[in-house]
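In: The following comprises the amino acid sequence and a computationally predicted model.
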Amino acid sequence: MKKIAILIPSRDRNHKIERLNNLWFEYIDNSIITDCIIVLDEDNEHTYTRMPGFIYHIVKSNGSRGIVYPLNQAANTFCNEYEYIGFWGDDHRPNTKNWNSIMYSTLNDNKPYSMVYGNDLLQGENLPTEIIIDSLYIKKFGYMIHPSIQHLYSDDLLLYMGKYMNNIHYLKDVIIEHEHYMVGKSAPDAMYYAVNGHIILEKDKAAYETIKNSAEFNNKLDELLYETKINYLIENSDKSTLEKDIQDFLLLYSKKPIKDNSGGMKAQHMFWVYYILKKINPKVIIESGIWYGQSSWLIEQVCPNSKIISIDPELDRIIYKSKNIEYRRKDFNDHDFTSELGDDCKNTLAFIDDHQNNYLRLKHAFKHNIRHLIFEDNYPTTHGDVLSLKKILDNKFYVIDDANHGKSIHDIPSNYKTDVLEMCDYTECPPLYLDTNITRWGDRFSDHNCKKPIYNNYEEWLDEFKKEQLDYTFIAYVNVKPNKNK
């Protein structure tokens, strides 16, 4: 699949496309396949010279004026060929080297349903007069811009959608200049007057307000918003969605400071922590259980701008220490995070790797509106030294392994499962690599409702995961529901 298509509807402005052609290849990064597609009306396309390197797409405008109709026709044609579809006016000009690779990186880091726009030196952050969006929008809605809009307020609507999804990104230093006639950068012409008149202005403004307040439109956005939740991404993960992230992780993991992390987290679980942190990028990260500090290192690498609080009663054991991390001995459940973090609790992730009662950890996080949790010690019913969420959700009893290799059986309180489901959305992360059904305890992964692994056939680049595959213990991501009493 190709990377980016920039769609440029144009009419009676061959000279503007010729000028763009002179600049396009000067500023493009050829390593990211980015095609410039000029969208022309059937009754007007003969007035255009075919510029080298540009693609020309002809549509039947049926007499419609404005960018929305031809833009939607082209977007529906190309959304299955390109990961991202962009829109520029024929009076936009690139002025930043490698603008496309910079924008692609931002889109890819925030997918799915990401949007990005640059600095047009006219509206700036206020309005995306040029924009690139995830092609999934077009596939889901059937259009790029709602067809009740003719020309104006199309950028307002995209801005509304991006903010609703909390996934629109302004790149101040990426200049895509808008040479608009209203600021003297272009000569006025008949097309400017035709699509910027009072009648279209009032009509499109009314259409925009109607769409924005439409329950049907916002419900559709809610559906897309659900698909961006980490739970959804994990549940629908496969080779195609994870391969690049896995490769990026392995590159980072090769630089790990602790080569032998026996007793601590290994590659399978480290990847999922990496992946979830990248997707959420929380403002605050609380790590409960440090061991030698490998996970602290990973957290710091992935989220260098986050406030990191690391908790462990045995701080003297740590090998990797950082001046950027605040170390504490006081137990996670003894902290009043509401008083300490305030509203930042809603943008906090707690990584729980401390072999303590997971139910009580969840209750404390819920009490303080800490929205994201990762449980590393998520043992199945008959194994492990802790009451895990998996044990609570899978059965009515659980086993605890003690330090002398003994086992004790306990009943799970009848309210625990209901409480857990009321407090959170729970998702187990699948093993990245398993080529065996036998666990490290000698029973079968299938006995514990293990998810299908992402890979089950050995390839050399998966060697880290193969070597450490038996260290997989059902790591889980938990999206904590809002505490309405807070």
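Out: That came through fine.

In: Domain map for this structure?
Out: Domain assignment for the chain by automatic domain parsing gives 2-227, 238-480.

In: Determine the number of other residues adjacent to residue 34.
Out: Using other CB atoms under 10 Å, residue 34 is surrounded by 23 other residues. Bear in mind the C-beta positions are built from the backbone N, C-alpha and C, glycine included.

In: again with residue 435
Out: Residue 435, neighbours per other CB under 10 Å, totals 13.

In: Same check on residue 305?
Out: 7.

In: what's the distance between residue 417 and residue 393?
Out: 6 Å (CB to CB, to the nearest Å).

In: Repeat that for residue 227.
Out: 23 Å.

In: out of those two, which sits in the busier spot?
Out: A direct count of neighbours by other CB under 10 Å for residue 227 and residue 393 places residue 393 higher, at 18 against 15.

In: before we move on, the earlier item: can you list the domains of the chain in JSON lines and add mean pLDDT?
Out: As requested, those are arranged in JSON lines below (pLDDT from 0 to 100):
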{"stretch": "domain 2-227", "mean pLDDT": "92"}
{"stretch": "domain 238-480", "mean pLDDT": "96"}
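
In: So residue 264 is in contact with residue 297, correct?
Out: No. Taking contacts as CB atoms under 8 Å, residue 264 lies outside contact range of residue 297: 11.0 Å.

In: So for these two, which residues contact both of them?
Out: Residues touching both residue 264 and residue 297 comprise residue 258, with contact defined as CB atoms under 8 Å, 6 or more residues apart in numbering.

In: what's the helix or strand for residue 400?
Out: For residue 400, the element it lies in under DSSP states H and E is strand 397-401.

In: buried residues in that strand?
Out: Buried residues in strand 397-401, defined by neighbour count with 16 or more other CB atoms under 10 Å: 398-401.

In: can you map out the helices along the stretch 101-250 of the chain?
Out: Ranges of helices in the stretch 101-250 of the chain, per DSSP state H, counting those that start in this stretch, are 135-141, 154-164, 190-195, 198-212, 215-227, 230-235, 239-253.

In: wait, which of these is closest to residue 116?
Out: Closest of these to residue 116 is helix 154-164, at 9.0 Å (criterion: CB to CB).

In: Mind listing what's buried along that closest one?
Out: For helix 154-164, by 16+ other CB under 10 Å, it's 154-162, 164.

In: export these to CSV and tack on distance to residue 384?
Out: Shown next, in CSV, are the buried residues of helix 154-164 (distance: CB to CB, whole Å):
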residue, distance to residue 384
154, 55
155, 53
156, 53
157, 51
158, 48
159, 48
160, 47
161, 44
162, 43
164, 41
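
In: which of these sit farthest apart?
Out: The distance between the two most remote of these (CB to CB) is 15.8 Å, for 154 and 164.

In: Now do the strands in the stretch 301-450 of the chain.
Out: 307-311, 325-328, 348-352, 372-375, 397-401, 407-411, 424-428 (DSSP state E, counting those that start in this stretch).

In: and the last one, what does it pack onto?
Out: With contacts defined as 3 or more CB pairs under 8 Å, 6 or more residues apart in numbering; DSSP states H and E, strand 424-428 has these neighbours: helix 230-235, helix 389-394, strand 476-480.

In: mind running it again at 7 Å?
Out: helix 230-235, strand 476-480 (3 or more CB pairs under 7 Å, 6 or more residues apart in numbering; DSSP states H and E).

In: how far off strand 476-480 does it point, in degrees?
Out: 170 degrees (axes from the mean of the first three to the mean of the last three CA atoms, to 10 degrees).

In: Direction included, what does strand 424-428 pair up with?
Out: When pairing is defined by DSSP bridges, strand 424-428 lines up against strand 476-480 (antiparallel).

In: Toward the C-terminus, what is the element adjacent to the host helix or strand of residue 277?
Out: Here residue 277 sits within helix 267-280, counting by DSSP H and E. For helix 267-280, the following helix or strand on the C-terminal side (DSSP H and E) is strand 284-288.

In: what's in contact with that following strand?
Out: The contact list for strand 284-288 (CB atoms under 7 Å, 6 or more residues apart in numbering) reads 295-296, 299, 303, 306-311, 332, 341, 344, 347-354.

In: likewise stretch 41-52?
Out: Residues from elsewhere that reach stretch 41-52 (CB under 7 Å, 6+ apart): 11-12, 14, 17-18, 21, 40, 56, 58-61, 70.

In: ok so, going back, please identify the deepest-packed of the helices and strands packed on strand 424-428.
Out: With neighbours taken as mean count of other CB atoms under 10 Å, the helices and strands packed on strand 424-428 reach their highest mean count in strand 476-480, at a mean of 24.

In: Let me know the angle separating that strand from strand 348-352.
Out: 140 degrees.

In: thinking again about what came up before, quick one: strands adjacent to the strand holding residue 400?
Out: strand 407-411 (antiparallel).

In: what's next to the strand it pairs with, contact-wise?
Out: 396-402.

In: Let's see that with 10 Å instead.
Out: 381-383, 387, 391, 395-402 (CB atoms under 10 Å, 6 or more residues apart in numbering).

In: Surely residue 416 touches residue 389?
Out: Yes. Using CB atoms under 10 Å, residue 416 is in contact with residue 389, at 9.3 Å.

In: Identify the contacts common to the two.
Out: Common contacts of residue 416 and residue 389 (CB under 10 Å, 6+ apart): 359, 362.

In: okay, these two: which has more neighbours?
Out: Per other CB under 10 Å, whichever of residue 416 and residue 389 has more neighbours is residue 389, with 26 against 19.

In: how far away is the closest residue to that one other than its chain neighbours from residue 143?
Out: Distances taken as CB to CB, 6 or more residues apart in numbering place residue 358 nearest to residue 389, at 5.0 Å, with adjacent residues excluded. Look at residue 358 and residue 143: by CB to CB, they are 45 Å apart.

In: Quick check on those two: which one has the bigger neighbour count.
Out: More crowded of residue 358 and residue 143, by other CB under 10 Å: residue 358, with 26 against 18.

In: Would you enumerate the residues in contact with the more buried one?
Out: 352, 373, 375-379, 386-392, 420, 476, 478.

In: Kindly report the same for residue 199.
Out: With CB under 10 Å, 6+ apart, residue 199 has these contacts: residue 150.

In: Please apply the same query to the one 3 residues further on.
Out: Shown here is residue 202, whose contacts under the criterion CB under 10 Å, 6+ apart are residue 152.

In: repeat for residue 334
Out: Shown in contact with residue 334 (CB under 10 Å, 6+ apart): 311, 328, 364.

In: separation between the first one and residue 284?
Out: Going from residue 311 to residue 284 by CB to CB gives 13 Å.

In: same question, residue 191
Out: Distance, residue 191 to residue 284, using CB to CB: 51 Å.

In: What is the neighbour count of residue 485?
Out: By the criterion of other CB under 10 Å, residue 485 has 7 neighbours.

In: and it, that one's in a strand?
Out: No. Looking at residue 485 with DSSP: H, G, I helix; E, B strand; the rest coil, it is coil, so not inside a strand.

In: Looks like it contacts residue 338 (just checking).
Out: No. Residue 485 lies out of contact with residue 338 (CB under 10 Å); the separation is 11.4 Å.

In: Quickly list what's touching both of these two.
Out: Joint contacts of residue 485 and residue 338 (CB under 10 Å, 6+ apart) are 367, 369.

In: follow-up on the earlier one: just the C-alphas of the strand holding residue 400, formatted as PDB.
Out: Extracted as PDB, the C-alpha positions of strand 397-401 are listed here (Å, rounded to 0.1, in the frame of the first residue of the first chain):
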ATOM      1  CA  PHE A 397     -11.000 -20.200  43.400                       C
ATOM      2  CA  TYR A 398      -7.300 -19.500  43.000                       C
ATOM      3  CA  VAL A 399      -4.000 -21.000  43.900                       C
ATOM      4  CA  ILE A 400      -1.100 -19.200  45.600                       C
ATOM      5  CA  ASP A 401       2.400 -20.600  45.200                       C
END
